[in-house]
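# only geometry, no sequence info:
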């Protein structure tokens, strides 16, 4: 098993997260935990352990039987970058879990290790289909977490809560489940067509159909418009840990999918249509952001935290990043790949920074408002933050290609930026203090670290980009 | 292309999946279609391993769904009788409304479902001729029939019927799995086949869990009432009661018949109402 070292490097933090989560859970709640809760945690602990074993089994020696001959193997660069994405994802999930309480904490607890295990297995599998199936499993866990929350509502519903909340939660969870399954189906068919027709030109139509299904499947999984409308119930009704997971997983899924399935001769791809897919994603995200209502304060039901930012605006911002990353990966060769991967890393760090800061910023704390501004600016790709260089690399590389679609992408980005500006102006400068469940010191440390990382990313971006581009060169050829 | 026995079985199962709504008949239709799929795999593939794995997954998933439907069907009035006065009244109100809707459905409504199902079959013929993805004729026809049965189930009833939604998504993944198994360039390894089965089992377990929990919470696994309340239908028409721990919640104009007791999240008294097994 030549890649065993990689499995241990990734398996240790994932396995450690599983064990630590279970110990913390039992240590704090053993006296009050119901028998059913214990059974759930134990069962999911076993599932996590089994998935970790499956992750080890998928290493080395696995030839991609479905995609044999199409070069769908993982390069060291791919493994390295996906490893970074996975670690960033774990940070985001723990950040969300730390803010949860009650049923949400329990759901987040088992969601994190199970999803992490599935993502780890997806990253390490050499076979493209196996990776997509593991990603489907991760998506099912996310859907289950959203659907299980209604059960938490049923069991511990507060006095006088309106039934409409339960309906929205159920609707949101079921819609997310449907989106996950349909998106995965599209991806699998795309893999199938690309593997069969990627190396010959006998059926160019089927090859282009595969590329089209790939793009649509990834957009569906990322919750891009118009599919995001179907998830609006989930956005409104889900607790923040689930939203953190949703916001962080979807771009990771998108980029994992692209990195898995990209090695197709670019002359066979319809480059313009791919660029338009990215441009439309960004534009629709901007339009969606413009339509977001800003009463000044939002809260998801059963949260004990009141957030001053709407989840849909965060999702729209993430969709903008996805659009840029998609374009960069498919059009701009080495520089685009470097920029896209840098965007993915930055996204996984900027989302938890934004959410954590926003939960405290409503109380008027200048420190957390600065953290919020840093997170938002990074998500929008503004200098001098981590998201800037990725966007700049892609813009520079694609500027030579010209095309009206570049202007459309910039327009979509500007619409989202304008909405964030309007939101910050509408945010109350003083008022009741939100009362998150975590200590202030924890949030101070987390926000400080994540903010410094944003500036540090910029300092390290040039050497990182050069290394990434050099490593990507043989892979992209 | 010859119409073989597996294709006939798949066709019958697909039509039944679209046209039927009863949970027990749906599970039977699912098992019928899945059996036809497994038989076709035995004919198309040189190795019987794939077909046997498919049969195993079919039996396990169908068993889980069948148990779920049986448990839901057997929790009837005696379960409701143990509830409070307002709970029982709201349940009766919803049963009366459901019966009224059922009486209002005429032959035309029933026939429309069957016509839709047969139209899907004809469309499957056309799609397999026009858009063959590279597989054999039989495989393409079976794929499109299974795919269209899933799509029609989701479109027609999926938004309001959790059972149809779950079965539709499951059949969709069945279609994808069938395509993978028949169009793979090489022989699929055990891990791939196992993952295909595990994903479907996970979906079935999730849908079953939701059905049971909805039954526990609302005395009914029907999504109609939840989504009607979400749409703001007045309390005179229906009432939703969710039972949780020591507290429940009601519409504003209903009296609370249970006193509030502390149901702290930390305590987790676990007062779920178990669905009684058996009649």
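The structure has been received and is ready for your questions. This one's a predicted model, so the numbers in the text were calculated from it and none came from an experiment. Residues are numbered from 1 along each chain as shown, chains lettered A, B, ... in the order given.
# Could you pull up phi and psi at residue B:134?
Phi and psi for residue B:134, reported as degrees, to the nearest 10, are phi 120, psi -10.
# Which residues are in contact with it?
By Cβ atoms under 8 Å, 6 or more residues apart in numbering or on different chains, the contact list for residue B:134 reads A:196-197, A:203, A:206, B:183. For glycine as for every other residue, the C-beta is placed from the backbone atoms N, C-alpha and C.
# ok, residue B:44 touching residue B:140?
No: the pair residue B:44 / residue B:140 is not scored as a contact, 11.1 Å apart, by Cβ atoms under 8 Å.
# which of those two has more neighbours?
Using other Cβ atoms under 10 Å in any protein chain shown as the criterion, residue B:44 and residue B:140 rank with residue B:140 on top: 22 against 18.
# distance of that one from residue B:183?
Going from residue B:140 to residue B:183 by Cβ to Cβ, to the nearest Å gives 10 Å.
# So for the longest helix along chain B, what gets flagged as buried?
Across chain B, the longest stretch assigned as helix under DSSP state H is helix B:190-218. In terms of neighbour count (16 or more other Cβ atoms under 10 Å in any protein chain shown), helix B:190-218 has its buried residues at B:191-200, B:202-218.
# what's the answer for stretch A:381-391, then?
When burial is assessed from 16+ other Cβ under 10 Å, stretch A:381-391 yields the following buried residues: A:381-382, A:385-391.
# As a markdown table, these with distance to chain B would be great.
Formatted as a markdown table, those follow (distance: Cβ to the nearest Cβ, whole Å):
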| residue | distance to chain B |
| --- | --- |
| A:381 | 36 |
| A:382 | 39 |
| A:385 | 38 |
| A:386 | 35 |
| A:387 | 34 |
| A:388 | 39 |
| A:389 | 37 |
| A:390 | 33 |
| A:391 | 35 |
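# Strands - which of these land there?
In strands, defined here by DSSP state E, there are no members of the buried residues of stretch A:381-391.
# how many neighbours does residue A:177 have?
Residues lying near residue A:177 (other Cβ under 10 Å) number 25.
# want to try a markdown table for the contacts of residue B:134, with secondary structure, distance to residue A:445 and pLDDT as columns?
Listed next are those as a markdown table, based on DSSP: H, G, I helix; E, B strand; the rest coil; distance: Cβ to Cβ, whole Å; pLDDT from 0 to 100:
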| residue | secondary structure | distance to residue A:445 | pLDDT |
| --- | --- | --- | --- |
| A:196 | helix | 51 | 72 |
| A:197 | helix | 52 | 70 |
| A:203 | coil | 56 | 65 |
| A:206 | helix | 53 | 73 |
| B:183 | helix | 52 | 83 |
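# any chance of these in a markdown table, plus distance to residue A:374?
Below are these laid out as a markdown table (distance: Cβ to Cβ, whole Å):
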| residue | distance to residue A:374 |
| --- | --- |
| A:196 | 47 |
| A:197 | 46 |
| A:203 | 49 |
| A:206 | 46 |
| B:183 | 49 |
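# what's the farthest-apart pair in the residues you listed?
Farthest-apart pair in those is A:203 and B:183; separation 12.6 Å (Cβ to Cβ).
# Show me where the stretch 151-300 of chain A dips below the pLDDT cut-off.
Where the stretch 151-300 of chain A drops to pLDDT under 70, the residues are A:151-173, A:176, A:198-204, A:207-208, A:211, A:214-275, A:277, A:293-300.
# Looking at residue A:203 and residue B:183, which is more packed in?
More neighbours surround residue B:183 than the other of residue A:203 and residue B:183, with 20 against 16 (other Cβ under 10 Å).
# which residues touch that one?
A:192, A:196, B:133-135, B:139.
# Just the buried residues from these, in PyMOL please.
With 16+ other Cβ under 10 Å as the criterion, this PyMOL line picks the buried residues out of these:
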select buried, (chain A and resi 192+196) or (chain B and resi 133+135+139)
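# For the contacts of residue B:183, which two are the farthest from each other?
A:196 and B:139 (13.4 Å).
# Leaving out sequence neighbours, find the closest residue to residue A:418.
Nearest residue to residue A:418 in three dimensions, chain neighbours excluded: residue A:290, at 7.7 Å (Cβ to Cβ, 6 or more residues apart in numbering or on different chains).
# Do I have it right that that neighbour meets residue A:419?
Yes: applying Cβ under 8 Å as the test, residue A:290 and residue A:419 come out as touching, 6.1 Å apart.
# In terms of neighbours, single out the busier of the two.
residue A:419 (22 against 13).
# Check which helix or strand that one maps to.
For residue A:419, the element it lies in under DSSP states H and E is helix A:404-426.
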